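[1] My questions are about this predicted structure, shown below with the sequence.
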Amino acid sequence: MGIGQELLTSAIGTFKSAKRLGDRTIERLSDEELNRTPASESNSIAIIVKHLHGNMISRWTDFLTTDGEKPTRQRDAEFEGEPLTKEELLRLWESGWDTLFRALEQLGESDLLRTVRIRGEAHTVIKAIQRQVSHYGYHVGQIVYIGKLIRNGQWDSLSIPKKKP
């Protein structure tokens, strides 16, 4: 396996790890909890999922051939709207991740230095992937943190639990 293929495999693994953290958080929460806004300037988990979905569909559809910010994307609308049921939220969540993984699995080592555009700005494929790893990690971290806030003392660690006396 060449270094480029290792980079792709590593990126896919990192995305899958982030998705698992989100999956495990979402499964623990009710419809009401998924739509709860923890503070006036915060977003609910449902809003964050809507935003991630919009971003993933825009960025990873026709990834190599069209700008990652599609003209059909309604970014501001991702932060508005009626509450979602867990079922609706999971449909968006899975659809976004499926789009991302299909795009990444189609890439080969020779694609990594190709140029793609996001909002008109040129990126190598490697840079575009790194940009999205950072963006999605940020938002999945928010999802987990909001889940912890909502569940407070009734939260089981998603990774290595703290040692308790």
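    On my side now, so go ahead. Note that this is a predicted model, so its numbers are computed, not measured.

[2] which stretches of the chain form strands?
    Along the chain, the stretches classed as strands by DSSP state E are 115-118, 121-124.

[3] Could you find the closest non-adjacent residue to L107?
    The shortest distance from L107 to any non-neighbouring residue, by C-beta to C-beta, 6 or more residues apart in numbering, is to L8 (5.9 Å). All C-beta spots, glycine's among them, are computed from the backbone N, C-alpha and C.

[4] re the thing from before, right, so the strands of the chain: which one is the most enclosed?
    Greatest average neighbour count among these goes to strand 115-118 (a mean of 16), per mean count of other C-beta atoms under 10 Å.

[5] Could you give the separation of that one from the chain centroid?
    In terms of C-alpha atoms, centre = their mean, to the nearest Å, the centre of strand 115-118 is found 19 Å from the chain centre.

[6] From the contact counts, what lies against it?
    strand 121-124, helix 125-151 (3 or more C-beta pairs under 8 Å, 6 or more residues apart in numbering; DSSP states H and E).

[7] Would you mind listing the buried residues in the longest one?
    Within helix 125-151, the residues that qualify as buried by neighbour count (16 or more other C-beta atoms under 10 Å) are 125-129, 132, 136, 139-140, 142-144, 146-147, 150.

[8] Please report the distance of the residue nearest to the spatial centre of the chain from L113.
    The chain has Y136 as the residue nearest its centroid, 4.0 Å off, counting by C-alpha atoms, centre = their mean. To L113, Y136 is 22 Å away according to C-beta to C-beta, to the nearest Å.
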